[in-house]
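**Q** Give the three-dimensional model of this entry:
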Amino acid sequence: MSVDFSHVLPPSWKTKINEWIQEDIPSFDYGGFVVGEDEKIAILYGKSEGVLAGRPFFDEIFRYFECRVEWSLEEGEKFQPIKEVAKVYGKARNILMGERLALNLIARCSGVATRARRLADLKEAHGYKGVIAGTRKTTPGFKLIEKYAMLVGGVDTHRMDLSSMIMLKDNHIWSQGSITRAVEKAKLVGGFSLKIEVECRSEEEADEAIEAGADIVMLDNFTPEGLKVAARSVKQRWAERGRSVLVEASGGITEETAVSYFCDDIDVLSLGVLTQSVPHIDYSLKIKRGS
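**A** Reported below is the predicted structural model:
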């Protein structure tokens with residue numbers, strides 16, 4: 001099934017593109033003066049293996065500069081280098097004004113989507129039924145694009161921001177003195193529509209969180225085997241009391257170690273590496289000679 005994830009983007013995303021253009025060209029465009037306004041064709045090449053992600057943003061940058069983009073690949077499609085990914089039609093000056101911003105954006109977006117796809121492929125290959133998710137460890141000002149890239153790559157975005165779900169971590173708990181007090185206070189403002197998740201360092205903390213009314217317990221920084229034992233124990237204990245709870249695993253999980261955490265009792269694996277230290281996909285944009 002083909003899915004157009006651009007339809008989930010908020011109206012404000014185009015404002016962000018405009019801000020980045022103003023940041024990149026705050027004054028005179030000296031290079032643009034040199035090349036002039038002859039109509040040209042530029043080729044977008046994919047120079048390293050990856051998953052294409054970021055087409056809506058690339059399109060909007062060049063639309064601003066009155067250029068037209070013609071794509072050879074679909075959003076989310078894998079490619080091998082060197083691949084002709086798209087053509088950009090427009091005035092030479094306009095193409096070059098959008099070039100670097102568009103390349104920076106699509107390189108980052110594709111990098112996140114490529115890592116996400118590899119993790120999604122691992123999940124499918126090993127029959128893991130849970131969710132692989134990102135985190136809020138995103139780049140300030142770039143979160144929307146990184147979260148979008150996760151969707152294109154085939155993983156869950158996790159919460160978008162502090163308003164999306166109530167997650168009580170160690171600092172929240174320590175400031176209140178106990179998990180129970182922190183959850184009770186969260187319930188005063190969260191209402192029925194927001195789930196509450198609590199970071200737990202032991203089965204005892206998980207039990208306290210569930211008893212207090214948490215919907216999700218995050219077992220943080222466990223070893224793979226310790227995590228599987230704890231998740232099974234917590235789920236079985238509370239199932240006997242008629243309560244179901246989601247178990248999330250987080251803390252130090254990488255692309256290389258994710259498989260060792262796969263388990264039917266673990267509902268969510270969240271990985272900060274989906275957005276941290278992600279290699280960018282290498283693209284270049286070259287104006288055709290004689291075009």
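**Q** can you give me the strands for this structure?
**A** With DSSP state E, the ranges of strands along the chain come out as 39-46, 50-51, 68-71, 78-79, 83-91, 131-133, 166-168, 196-200, 216-220, 246-250, 268-270, 283-287.
**Q** Neighbouring strands - and their directions - for the fourth one?
**A** Next to strand 78-79 in the sheet, as set by DSSP bridges, lie strand 50-51 (antiparallel).
**Q** which residues make contact with the strand it pairs with from outside it?
**A** With contact meaning C-beta atoms under 8 Å, 6 or more residues apart in numbering, strand 50-51 is reached by 76-79, 110-111, 113-114, 116-117, 152-153, 281. The C-beta positions use only the backbone N, C-alpha and C, and glycine is treated the same way.
**Q** just stretch 30-44 next, same as before
**A** Residues contacting stretch 30-44 (C-beta under 8 Å, 6+ apart): 84-97, 99, 283-288, 291.
**Q** What's the ChimeraX syntax to select whichever of these are buried?
**A** Selection of the buried residues among the contacts of stretch 30-44 in ChimeraX, burial being defined by 16 or more other C-beta atoms under 10 Å:
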select :85,86,87,88,90,91,92,93,94,95,96,97,99,283,285,287
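**Q** list the contacts for residue 246?
**A** So residue 246 contacts 215-217, 267-268 (C-beta under 8 Å, 6+ apart).
**Q** Going by distance to residue 181, which of those residues wins?
**A** residue 217 (16.7 Å; C-beta to C-beta).
**Q** Skip the chain neighbours and tell me the closest residue to the closest one.
**A** Leaving aside its sequence neighbours, residue 217 sits nearest to residue 206 (C-beta to C-beta, 6 or more residues apart in numbering; 4.4 Å).
**Q** residues contacting that neighbour?
**A** Residue 206 touches 198, 200, 217, 219, 230, 234, counting by C-beta under 8 Å, 6+ apart.
**Q** Just the closest of these to residue 163, please.
**A** Closest to residue 163 out of these is residue 198 (17.9 Å), distances taken as C-beta to C-beta.
**Q** Now do the same contact list for residue 200.
**A** So, once contact is read as C-beta under 8 Å, 6+ apart, residue 200 ends up touching 179, 206, 209, 217-220.
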